[in-house]
Structures are given as structure tokens and as C-alpha cells.
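> just need the structure, nothing else, for what follows:
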Amino acid sequence: APVETIENPATASLEAIAAALQGKGSLNEIARLDTCVTMVDAAAFQQNMGTNAEMREQFADSVEKTDTRAVGPLLTNQIEFADVIILSKCDLITEEEASAVEDAVLALNPEAKVRRAFRGDVPLDSVLRTGL
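Next comes the predicted model:
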């Protein structure tokens with residue numbers, strides 16, 4: 001069977017995509033949800049989990065003044081929902097920093113399979129046809 005992936009923007013809800021694939025309707029008839037994968041920028045994890053005020057300051061030039069969303073709650077939601085979590089940019093941080101991020105991610109989702117990516121290398125068998 002062909003393998004297809006659905007890549008959503010970072011601000012999309014994984015739950016909405018999963019519901020569409022598991023519910024009734026045409027999408028469920030042609031596709032099966034295998035795995036929900038979330039990529040976490042390990043090098044920026046602590047910064048991304050900052051407060052709304054910190055996020056507004058950091059991204060002041062790239063968001064509209066009326067946008068009050070914070071990255072932390074969205075990232076938390078995606079981590080909690082994922083079957084597989086890829087910690088990207090582990091080559092840019094120390095082993096201790098990577099372990100701290102992995103511990104934080106597993107505290108949010110102890111059932112997830114966590115994989116570390118170095119220089120963007122992610123083994124395909126950890127994200128495709130996993131049977132999770």
C-alpha cells in the first residue's frame with residue numbers, strides 16, 4: 001500500500017487531523033492514520049515554552065498586534081497528542097540539554113516514542129508504517 005503523509009503547519013491542531021482520519025466520511029475511506037509525529041526544536045525548546053509576553057516580544061515584527069497566541073500551549077498540545085516525537089537540532093546542544101528536553105517531553109507524554117535527530121537525520125522507520 002502506498003505511504004502518504006499529511007504535513008500540517010506548526011499552528012494546526014493534530015487532533016483535528018486525527019479526527020478527520022478516524023471519523024466517518026470520505027477521508028477515512030481512503031486513508032488510515034498510522035502515526036502522529038511532532039518535531040520539537042530541542043535547541044529552542046526552553047525559549048519556545050516561554051510566556052505569552054516573551055513570545056510577543058521575540059516575534060514582535062512577525063505577528064499582528066491582535067494575535068495573542070503563545071507557542072508554549074500549542075507546543076504542549078502537540079507533544080501530548082503525538083505518538084512519535086522527534087527532537088530536532090540535537091547536534092546544536094549538549095547531551096545534558098538534549099536529555100533535559102527529552103525528560104520534559106516525556107513528562108508531558110510518557111507513552112510517546114522519542115527520537116533524537118542530528119543534522120536533520122530521522123530514520124524513516126521511526127515515522128512511517130510504525131503501527132502505532
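> for the chain, which segments are assigned as strands?
Ranges of strands within the chain are 37-41, 84-88, 113-116, based on DSSP state E.
> so can I have JSON lines of those strands showing mean pLDDT and distance to T94?
C-beta: built from backbone N, CA, C; applies to glycine. Listed next are the strands of the chain as JSON lines, based on pLDDT from 0 to 100; distance: least, C-beta to C-beta, whole Å:
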{"stretch": "strand 37-41", "mean pLDDT": "89", "distance to T94": "15"}
{"stretch": "strand 84-88", "mean pLDDT": "93", "distance to T94": "13"}
{"stretch": "strand 113-116", "mean pLDDT": "94", "distance to T94": "12"}
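> which one of those lies closest to T130?
strand 84-88 (6.6 Å; C-beta to C-beta).
> mind listing what the closest one pairs with, with the direction of each?
Strand pairing for strand 84-88, determined by DSSP bridges: strand 37-41 (parallel), strand 113-116 (parallel).
> any weak-confidence spans in the chain?
In the predicted model of the chain, residues 1-33, 50-72, 132 satisfy pLDDT under 70.
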